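[1] sequence plus predicted model, see below.
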Amino acid sequence: MTSSSPKHHELPSEREEFLRLLPSPASPSSAAASIKPAEPDEEEAAFEAVEKITIGDGTFEVDSADCAATPPFSFRKLWLFTGPGFLMSIAFLDPGNLEGDLQAGAIAGYSLLWLLMWATAMGLLIQLLSARVGVATGRHLAELCREVYPYWAGIVLWFMAEVALIGADIQEVIGSAIAIQILSRGVLPIWVGVLITASDWINLAPYTFNLLQVTYFGLLVPKLSSRTIRQAVGVVGCVIMPHNVFLHSALVQSREIDPNNRVKVQEAINYYSIESSAALAISFIINLCITAVFAKGFYRSAEANSIGLVNAGQYLEEKYGGGLFPILYIWGIGLLAAGQSSTITGTYAGQFIMGGFLDLRLKKSVRALITRSCAIVPTMVVALLFNKSESSLDVLNEWLNVLQSMQIPFALIPLLTLVSKEEVMGVFKIGPMLERAAWTVAALVMVINGYLLLHFFVSEVNGPLFGFLISAGTAAYVAFVIYLVSHGNSELSNWISQFVPKRSTYSGN
């Protein structure tokens, strides 16, 4: 596509047609336009106009005819963009991550630190692409999936996203409930903590926003043994979380950015990239420290196989002493903070996922109540059934991490499909090198994840009936993954069509 002097707001013709067919986004269509609140019969935006933060240019003026003009870096402006990335990073420090960290350290020692580092790096790439989609299109991932995929595929994607979200929410609420039990010295049981956590999100949500040598060795030298497979699955599953991909693409719309202004969009992408990188670097250091502490204190010890969220504080206090402020309470407060903050992000993610996929036109409070109920009901059941012993809750957390791992392709593939489409992203479509790198990362994540899951199920699932169900489910799972990949990759779709009879070939719409 050639042009002598294109204006900064002109878009490729394919993207113009694509955007014309979509419902009008909440973002303004020009730099001078003001955002109007959605009318009752209009599609509800991720954020209303009054909720968005305006990003000023200060003394820098952008020439509308000069697309290359980029405002200079400003710490003040970086501060204005700060928020979505750190809110997104909370999911990297939820109770599921704490469970995965302490189990990995106690059972595998330092041997899985390399997996934690690379999983965090891959998670950063995924989150940067998620933010790019939200900024460049003015719409979040769930909304775009509803428009791009056929109805049946959109419903399946929504169901998978909800399953992943409910699994994550169970971990978060159970983590808070365990913290409440610890801080109350066992007076309040798990199910009471679940009820407290289920109610207090309403009040909290509006206010949200030689050891060194072996550590380096564990980071840089890949090592994986058969006895640490479950912990490896947990590390990947709790770091790369499907619902977080949907969440980040919506959170970036909390800033008033014109998706038709190339300068503004590129500037926002740059600042969001810096913020997200800093946030995930901090989360990685925290996860690394937790894993290293439990590796140093409990690796190859008698307590290694029994340590979990419930008794970790007690074991730490016995190992390192209480001091002026008992370690047990420090652990309980940290666990409560992790559970409460991640519960809030889970509520936000549930609203965006349900509203985006199903195009629900409900008040946000009503939609939040619906999505919260979908998670609290199974969480309450789990709290009552798995409250018999400490080990049962730890086993549950590990299985929930496996569930997170199984849902990764259903967020990752649609994201890479959309961010690679020029008719969706316009000039902000990722380049060939980044596209290949992103699909390579996705393939690597899914292959490693598939291997770990296969090994996990082979070792954990017994009996012919369960084997048949697992085989049938795996076949359907793989078929849908292939469909999603072929829907977004024309070359792969053409290759697959060679093995399909002509009469059964479909267009993918």
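    Ah, there it is.

[2] could you pull out the strands for the stretch 151-300 of the chain?
    Along the stretch 151-300 of the chain, the stretches classed as strands by DSSP state E, counting those that start in this stretch are 255-256.

[3] could you pull out the helices for it?
    Remark: helices assigned in the stretch 151-300 of the chain by DSSP state H, counting those that start in this stretch are 151-183, 190-204, 211-220, 229-239, 242-251, 262-298.

[4] buried set for the first one?
    Taking 16 or more other Cβ atoms under 10 Å as the neighbour-count basis, helix 151-183 is seen to contain the buried residues 153-154, 156-158, 160-183. Bear in mind the C-beta positions are built from the backbone N, C-alpha and C, glycine included.

[5] and the angle for it with helix 242-251?
    Here the directions of helix 151-183 and helix 242-251 differ by 100 degrees (axes from the mean of the first three to the mean of the last three Cα atoms, to 10 degrees).

[6] any idea which of the helices of the stretch 151-300 of the chain is most buried?
    helix 242-251 (a mean of 30; mean count of other Cβ atoms under 10 Å).

[7] which helices and strands sit right next to that one?
    Counting contacts by 3 or more Cβ pairs under 8 Å, 6 or more residues apart in numbering; DSSP states H and E, helix 242-251 packs against helix 84-89, helix 113-137, helix 141-148, helix 151-183, helix 327-358, helix 409-419.

[8] ok, now with 10 Å
    For helix 242-251, the elements it packs on are helix 84-89, helix 113-137, helix 141-148, helix 151-183, helix 262-298, helix 327-358, helix 390-407, helix 409-419, judged by 3 or more Cβ pairs under 10 Å, 6 or more residues apart in numbering; DSSP states H and E.

[9] of all these, which one is nearest A250?
    Of all the helices and strands packed on helix 242-251, helix 327-358 sits nearest to A250, with 4.3 Å by Cβ to Cβ.

[10] for the closest one, buried residues please.
    Within helix 327-358, the residues scored as buried using 16+ other Cβ under 10 Å are 327-328, 331-332, 334-336, 338-357.

[11] what's the least confident stretch among the helices and strands packed on helix 242-251?
    Lowest mean pLDDT of the helices and strands packed on helix 242-251: helix 390-407, a mean of 72.

[12] contacts only, for W191.
    The contact partners of W191, taken as Cβ atoms under 10 Å, 6 or more residues apart in numbering, are A177, Q181, T379, M380, V381, V382, A383, L384, N387.

[13] buried only: go through those for me.
    Restricting these to buried positions leaves A177, Q181, T379, M380, V382, A383, N387, with burial counted as 16+ other Cβ under 10 Å.

[14] among the residues you listed, which are in helices?
    A177, Q181, T379, M380, V382, A383 (DSSP state H).

[15] tell me the one of those residues nearest V148?
    Within these, proximity to V148 (Cβ to Cβ) peaks at T379, which comes in at 32.3 Å.

[16] ok, that closest one touching L165?
    No - judged on Cβ atoms under 10 Å, T379 makes no contact with L165 at a distance of 11.9 Å.

[17] low-confidence ranges in the stretch 401-509 of the chain?
    Within the stretch 401-509 of the chain, the stretches with pLDDT under 70 are 401, 449, 452-453, 455-457, 459-463, 488-509.

[18] if we can go back for a sec, now the ones in helices among the buried ones among the contacts of W191 in CSV, with distance to V366?
    As requested, those are exported to CSV (distance: Cβ to Cβ, whole Å):
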residue, distance to V366
A177, 25
Q181, 31
T379, 20
M380, 21
V382, 25
A383, 25
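
[19] so what's the nearest residue to G297 once chain neighbours are set aside up against?
    Among residues not flanking G297 along the chain, K319 sits closest, at 5.0 Å (Cβ to Cβ, 6 or more residues apart in numbering). Going by Cβ under 10 Å, 6+ apart, K319 touches V293, F294, K296, G297, F298, S301, E303, I327.

[20] look up how far L112 lies from the last one.
    Just to be clear, that refers to I327. 24 Å (Cβ to Cβ, to the nearest Å).

[21] check the fifth one too.
    With the distance defined as Cβ to Cβ, F298 ends up 14 Å from L112.

[22] swap in the fourth one?
    With the distance defined as Cβ to Cβ, G297 ends up 16 Å from L112.

[23] how far away is G334 from Q404?
    Distance, G334 to Q404, using Cβ to Cβ: 21 Å.

[24] re earlier: got TSV for the helices and strands packed on helix 242-251, with distance to P432 too?
    Shown next, in TSV, are the helices and strands packed on helix 242-251 (distance: least, Cβ to Cβ, whole Å):
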stretch	distance to P432
helix 84-89	27
helix 113-137	15
helix 141-148	21
helix 151-183	26
helix 262-298	18
helix 327-358	29
helix 390-407	28
helix 409-419	13
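
[25] looking at the ones you listed, which is closest to F428?
    Closest among these, using Cβ to Cβ: helix 113-137, at 4.0 Å.

[26] and the closest one with helix 141-148, angle?
    Orientation of helix 113-137 against helix 141-148 (the same axes, to 10 degrees) gives an angle of 60 degrees.

[27] may I see the buried residues of helix 113-137?
    Neighbour-count burial for helix 113-137 flags 113-120, 122-124, 126-137 (criterion: 16+ other Cβ under 10 Å).

[28] look up the closest residue to L316, ignoring the ones flanking it.
    Setting aside the residues directly before and after it, L316 is nearest to I327 in space (Cβ to Cβ, 6+ apart), at 4.7 Å.
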